[in-house]
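Asker: Sequence first, predicted coordinates after that:
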Amino acid sequence: SSVHHLSSLNCFSVSRNHLEFLPEWTTRMSELDVSHNAISVLPSGDWARTISSHVKHTLDVSHNPIKAIPPEIFSPSLNSLNCSDTKLTELPDTLSLARHLEWLSLDRCPLNDLPNCDWPNALRQLSLRELHIGHFPASVLGSLNQLSLCGASISGLSMLAGVRPLWLPSEQKTGLCVNASRSSIHLLFEHVQYLTELCLDECSLSEVPEWIQWCHGLRSLSLQSNKIQRIPSWLGKLRCLAALDLSRNPINTIESSFEGIGSLERLSLSCCNLTEGAHFIGKCSKLSDLSITEGRVSGSVDWIERLTNLQRVSFERLLLDGLSEHQVPHPNLKTLNLGGASIDSLPNWICCSPHLEELYISGTKITEFPSQLFQSNSIKSISLSEHTIGLNYEKLALMPNLNRISFDGNRQNDPSEINFLSPFIDWE
């Protein structure tokens, strides 16, 4: 009852309170979070009309056994709606009235279909993770710049078909099922050009969908945990793409026709096995973050010398044929993670890189340090293996900016010869 006295209160969260119904006073809230409760029915009529009368309102009803959304909820004032993990089987066509709706999440809802109405042009972020539906209206895309279809199974995506149909076997339980003709290309240009972020993780894709090449404004693309085996050359057509994540795919080849992605700044190929074409990564001249971990790269990786904008590189637990001994110092490298990589020596150029601040070499077979390492004025943190104990650590203590040393051992194995380093050692 005391809530009635809080006349100025307009934002309220009653998450995880075992609520089974919504009190009448919640209509005063322009921002209402009732997620993770036991609400099975949202009030319609006056309650829905009143809460929709706010100039701008957001509603979070996720993780409730709600089976329906009152049509009145979708008013011009609705700005954000989270219905994830509810029991919704359909959305009302009044969705088209929510013309200022910018964010909508329907993750893991048992929806039969998406409404075939005019979707709000203001919609910018749409999440349909793990949905299994048979219809995807063209107007859904509108002016979207973030779309997540992780683990979704959607047929009828005709507007995304690209220049040729893309088929996925019907027995796949997850993934995009696309079947359309060339006549839908005009819809492709009309809609997907607005996407700036696209996530298709865990969709059982066997190749990078060709329709993505028409997403000219795409800045971030994630295709983690699929069945993709090669990187197509046409990815270079995405002139705005800044981040690409192809981790946990059985990728083994980068095509020789690959011309690089001139705008790419972050690339992850973790858990891949590049047996051919890894040197073509050197064509991505703007790369600043590169992660190739827990896989294999055949041949030399001296192509990183051409990537002069690199600041952070991770080759953690990577099977390498070795690091070049003849490379020049890298001009901008700040962090290098070689933890667990299959290397037994540390090239001089790494130690001489003028801006290198963090160096991780724990879990490697490196047994001695090059003299240039002790002359570094930039290194602030270094991670070492326990088996390197016994080396000349007095020289490490003289490095002017070194303030952290990390060992992958434990304090029981603390050897007396490095006790003088204890003020800046972390035992992990």
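Answerer: Ah, there it is.

Asker: My guess is residue 231 contacts residue 246. True?
Answerer: Yes. Under the criterion of Cβ atoms under 8 Å, residue 231 makes contact with residue 246 at 7.0 Å. Where you see a C-beta, it was placed from the backbone N, CA and C, and this is true even at glycine.

Asker: Those two: which has the busier surroundings?
Answerer: Set side by side, residue 231 and residue 246 show more neighbours around residue 231, with 25 against 22, by other Cβ atoms under 10 Å.

Asker: Now do that one against residue 275, distance only.
Answerer: 13 Å (Cβ to Cβ, to the nearest Å).

Asker: Give me the common contacts of these two.
Answerer: residue 253 (Cβ atoms under 8 Å, 6 or more residues apart in numbering).

Asker: Now stretch 98-115: buried residues?
Answerer: 98-109, 111, 114-115 (16 or more other Cβ atoms under 10 Å).

Asker: Over to stretch 127-134?
Answerer: 127, 128, 129, 130, 131, 132, 133.

Asker: List phi and psi for the third one.
Answerer: Taking degrees, to the nearest 10, you get phi -60, psi 130 for the backbone angles of residue 129.

Asker: Farthest-apart pair in the buried residues of stretch 98-115, please.
Answerer: Pairwise distances across the buried residues of stretch 98-115 peak at 26.5 Å for 99 and 108 (criterion: Cβ to Cβ).

Asker: show me what contacts the spatially closest residue to residue 327 that is not a sequence neighbour?
Answerer: Sequence neighbours aside, residue 349 is the residue nearest to residue 327 in space, at 4.5 Å (criterion: Cβ to Cβ, 6 or more residues apart in numbering). Residue 349 makes contact with 324, 325, 326, 327, 328, 329, 330 under the criterion Cβ under 8 Å, 6+ apart.

Asker: Let me know the closest of these to residue 240.
Answerer: The closest of these, once distances to residue 240 are taken by Cβ to Cβ, is residue 330, at 26.5 Å.

Asker: Could you count how many residues lie near the closest one?
Answerer: Quick note: residue 330 (other Cβ under 10 Å) scores 22 neighbours.

Asker: quick one: what helix or strand has it in it?
Answerer: Under DSSP states H and E, no helix or strand contains residue 330.

Asker: dump the residue contacts of it.
Answerer: So, once contact is read as Cβ under 8 Å, 6+ apart, residue 330 ends up touching 304, 305, 308, 310, 349, 350, 353, 356.

Asker: In PyMOL, how would I select just the buried ones from the residues you listed?
Answerer: Applying 16+ other Cβ under 10 Å to the contacts of residue 330, the buried members can be selected in PyMOL as follows:
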select buried, resi 304+305+310+349+350+353+356
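
Asker: Among the contacts of residue 330, which lie within helices?
Answerer: 349, 350 (DSSP state H).

Asker: between the contacts of residue 330, which is nearest residue 48?
Answerer: residue 310 (53.9 Å).

Asker: hang on, the earlier thing: can you name the two of the buried residues of stretch 127-134 that are farthest apart?
Answerer: 127 and 132 (14.8 Å).

Asker: hmm, back to that, include distance to residue 147 and secondary structure when you put the contacts of residue 349 into JSON lines, please.
Answerer: As requested, those are exported to JSON lines (distance: Cβ to Cβ, whole Å; DSSP: H, G, I helix; E, B strand; the rest coil):
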{"residue": "324", "distance to residue 147": "41", "secondary structure": "coil"}
{"residue": "325", "distance to residue 147": "46", "secondary structure": "coil"}
{"residue": "326", "distance to residue 147": "46", "secondary structure": "coil"}
{"residue": "327", "distance to residue 147": "41", "secondary structure": "coil"}
{"residue": "328", "distance to residue 147": "42", "secondary structure": "coil"}
{"residue": "329", "distance to residue 147": "42", "secondary structure": "coil"}
{"residue": "330", "distance to residue 147": "36", "secondary structure": "coil"}
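
Asker: among these, who's most crowded?
Answerer: Compared across the contacts of residue 349, residue 330 has the highest neighbour count, 22 neighbours, by other Cβ under 10 Å.

Asker: returning to that earlier point: looking at the buried residues of stretch 98-115, spot the one nearest residue 337.
Answerer: residue 107 (32.7 Å).
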